[in-house]
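In: have a look; sequence and predicted model below, questions after that.
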Amino acid sequence: AAAPDEDANGGIGMQPPQQEVDILGIGGGGGAGAAAGGGDVEFSHIVLNANPQCTRQAFQKLWKGTKDRVEQTQKMLRADNVAQSLEELANTANFKTMASNKKGRKWKFYFYAQEQDNDSLHFIECNVNLDSLHVALTIKGQTDLYQDIAQYFLHSLNSILG
């Protein structure tokens, strides 16, 4: 499974952020500062850009080149009928979709997020098997926050994970 195809845009097209969104602002349509319901995990030290910028070419280059800041984890969906919420939940938490592919009951997503303070990027490959309800994740990042970003991604999907 290769990373998304390259395109002609080249490079990482950074733009000034239009607004700063604290990642705790993930409540139903919530804005900056809205607290996530429940949970013991604190994510206030991480602020993701609400409008992250990354071209397909840059995504592919950085995905293939990142070898040292990598985390893999596996989770289970609560049920197969909640899977359609996965992409929306990720996007609401400022993980933008680079590419997705749904072949029958096997789905694959590539997401990316960008730190607000330094524009560093983090990438997620998400493989979903609706028959087994298995979710396999690979998270890669440009900074040492990649593990915290991975935990926040899982937290943002908490309502659909078992």
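Out: Now that the structure is in, tell me what you want to look at.
In: can we go C-alpha only for contacts and neighbour counts from here?
Out: Will do.
In: H155 sits in which helix or strand?
Out: helix 146-156 (DSSP states H and E).
In: starting at the chain centroid, how far to the one helix or strand Q57 maps to?
Out: If you go by DSSP H and E, Q57 is part of helix 56-65. Helix 56-65 sits 15 Å away from the centroid of its parent chain (C-alpha atoms, centre = their mean, to the nearest Å).
In: helices and strands around that helix, which ones?
Out: Applying 3 or more C-alpha pairs under 8 Å, 6 or more residues apart in numbering; DSSP states H and E, we find helix 56-65 packed against no helix or strand.
In: just the CA coordinates for that helix, please, in CSV.
Out: Provided in CSV are the C-alpha atoms of helix 56-65 (Å, rounded to 0.1, in the frame of the first residue of the first chain):
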residue,chain,number,x,y,z
ARG,A,56,0.5,15.1,-2.0
GLN,A,57,4.1,15.2,-3.2
ALA,A,58,5.4,16.5,0.2
PHE,A,59,3.2,14.0,2.1
GLN,A,60,4.6,11.1,0.1
LYS,A,61,8.2,12.2,0.5
LEU,A,62,7.9,12.8,4.2
TRP,A,63,5.9,9.6,4.8
LYS,A,64,8.5,7.5,3.0
GLY,A,65,11.4,9.4,4.7
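In: what's the distance between the closest residue to Q114 other than its chain neighbours and R105?
Out: Computed as C-alpha to C-alpha, 6 or more residues apart in numbering, the closest residue to Q114 that is not its neighbour in sequence is L121, at 4.5 Å. Using C-alpha to C-alpha, to the nearest Å, one gets 29 Å for the distance from L121 to R105.
In: which one of those two is surrounded by more residues?
Out: L121 (23 against 12; other C-alpha atoms under 10 Å).
In: before we move on, what's the pLDDT of the more buried one?
Out: L121 is assigned 96 on the pLDDT scale.
In: same check, this time on G162
Out: pLDDT at G162 comes out at 84.
In: kindly report the same for V21.
Out: 38.
In: hmm, back to that, quick one: the helix holding H155 to chain centroid distance?
Out: That offset, for helix 146-156, works out to 8 Å (C-alpha atoms, centre = their mean).
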